[in-house]
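A.B. asks: The sequence and its predicted three-dimensional model are supplied below.
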Amino acid sequence: MKMVKGLVMCIQFFTSIPIPYEVPMDRIHINKAVKMFPVLGVLQGILYSAFLYVLLQWTPLSPLAIAFFVWLALIIITGGIHLDGWMDCSDAYFSYRDQQKRIEIMADPKIGAFGVLSVIVLLSAKFLFIYEIVLRFNDNTFLLIILIPFLGKVVMGMLLLNIKSAKEEGLGSLFKEAASQGSLWIYPVYVVMLGLIIFLIGLKAMSGFLLLVLAALVFFIVISRKIVRWFGGITGDVLGASVEGVECLLWMTVWLWHYFVTG
């Protein structure tokens, strides 16, 4: 039951889906929520894939229109919560100031020019990848799309528990203090379970799975070092920006997979 409440908390915090149920914000339930990050990612991925399937099979829309509505669904379902972090981190990073000043810039509710430009580039890149994926889609495409938010949430949980906090207050600090390092043991179980399911489906899908896992792992290793150097540790904004960054990388990976593996 606590795991279910943890999932409800994840949905309430990280999506725009309304659930009229109050989950206690205590250490036990937050810890369960961290364990359920990847499950939330799977649910998001299923929504994206199901929406894409409906548009492809049951509507007369053009590939461009389908790509647009899928791209829009990504923003609507998450409520843009991670995009806010992406913009704040972009403003902070491109200020080229010291770590403390960057933390202050992220705390400023105003968005600067760098934040606006960076989110335009990010969203444009995602739209390009989605559009070309729609043009080249096959049955395995739906599985790989499910993996994108799943691995994004895996990376978010790993960063949360493996990197120190840059400040003592905020959403990132709240989750980090409540979660235990042992929360991560279930993440490899999730990955192996999905890998086994995909293996049973076919080798082409398995190649995509392995590429996505490798891309997410490389991103985690690289960004872990950069986060400490740039910001002195994690914050809620940094975690949100990391999710947007890794998911954009994974969309690009799926796009390239369609060109070089199935093309």
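C.D. replies: That came through fine. Numbering: from 1, shown residues only.
A.B. asks: Now the longest helix anywhere in the chain: buried residues?
C.D. replies: For the chain, the helix reaching the highest residue count under DSSP state H is reported as helix 203-231. Neighbour counts using 16 or more other CB atoms under 10 Å place 204-206, 208-209, 211-213, 215-216, 219-220, 223-224, 227, 230-231 of helix 203-231 among the buried residues. Yep, even glycine has a C-beta here, placed from its N, CA and C like the rest.
A.B. asks: before we move on, what about stretch 82-89?
C.D. replies: Buried residues in stretch 82-89, defined by neighbour count with 16+ other CB under 10 Å: 82-89.
A.B. asks: likewise stretch 135-144?
C.D. replies: 137, 140-144.
A.B. asks: From those, which land in helices?
C.D. replies: Residues from these lying in helices, with DSSP H as the criterion: 140-144.
A.B. asks: Next, count neighbours for residue 26.
C.D. replies: 9 (other CB atoms under 10 Å).
A.B. asks: And the buried residues of stretch 135-144, which two are furthest apart?
C.D. replies: Farthest-apart pair in the buried residues of stretch 135-144 is 137 and 143; separation 11.3 Å (CB to CB).
A.B. asks: dump the residue contacts of the closest residue to residue 257 other than its chain neighbours.
C.D. replies: Once flanking residues are discounted, residue 257 sits nearest to residue 208: 4.9 Å by CB to CB, 6 or more residues apart in numbering. Listed by CB atoms under 8 Å, 6 or more residues apart in numbering, the contact set of residue 208 reads 140, 143-144, 147, 198, 254, 257, 261.
A.B. asks: what's the average pLDDT for the longest helix of the chain?
C.D. replies: In this model, helix 203-231 carries a mean pLDDT of 91.
A.B. asks: which among the ones in helices among the buried residues of stretch 135-144 gets closest to residue 54?
C.D. replies: Taking CB to CB as the measure, residue 54 lies nearest residue 142 of these, at 11.3 Å.
A.B. asks: quick one: contacts for that closest one?
C.D. replies: Going by CB under 8 Å, 6+ apart, residue 142 touches 49, 52-53.
A.B. asks: mind running it again at 10 Å?
C.D. replies: Going by CB atoms under 10 Å, 6 or more residues apart in numbering, residue 142 touches 45-46, 48-50, 52-53, 56, 205.
A.B. asks: the inter-axis angle of the helix or strand harbouring residue 89 versus helix 203-231?
C.D. replies: Element membership for residue 89, per DSSP states H and E: helix 81-93. Calculated by axes from the mean of the first three to the mean of the last three CA atoms, to 10 degrees, helix 81-93 forms an angle of 40 degrees with helix 203-231.
A.B. asks: for helix 81-93, packing partners?
C.D. replies: helix 2-14, helix 63-78, helix 99-107, helix 113-135, helix 171-178, helix 203-231, helix 236-260 (3 or more CB pairs under 10 Å, 6 or more residues apart in numbering; DSSP states H and E).
A.B. asks: Out of those helices, which is the most enclosed?
C.D. replies: Using mean count of other CB atoms under 10 Å, the stretch among the helices and strands packed on helix 81-93 with the largest mean neighbour count is helix 236-260, at a mean of 22.
A.B. asks: chain center to that helix, what's the gap?
C.D. replies: Centroid displacement of helix 236-260 relative to its chain, using CA atoms, centre = their mean, to the nearest Å, is 8 Å.
A.B. asks: cool, stretch 70-80 as well?
C.D. replies: Counting by CA atoms, centre = their mean, stretch 70-80 comes out at 12 Å from the chain centroid.
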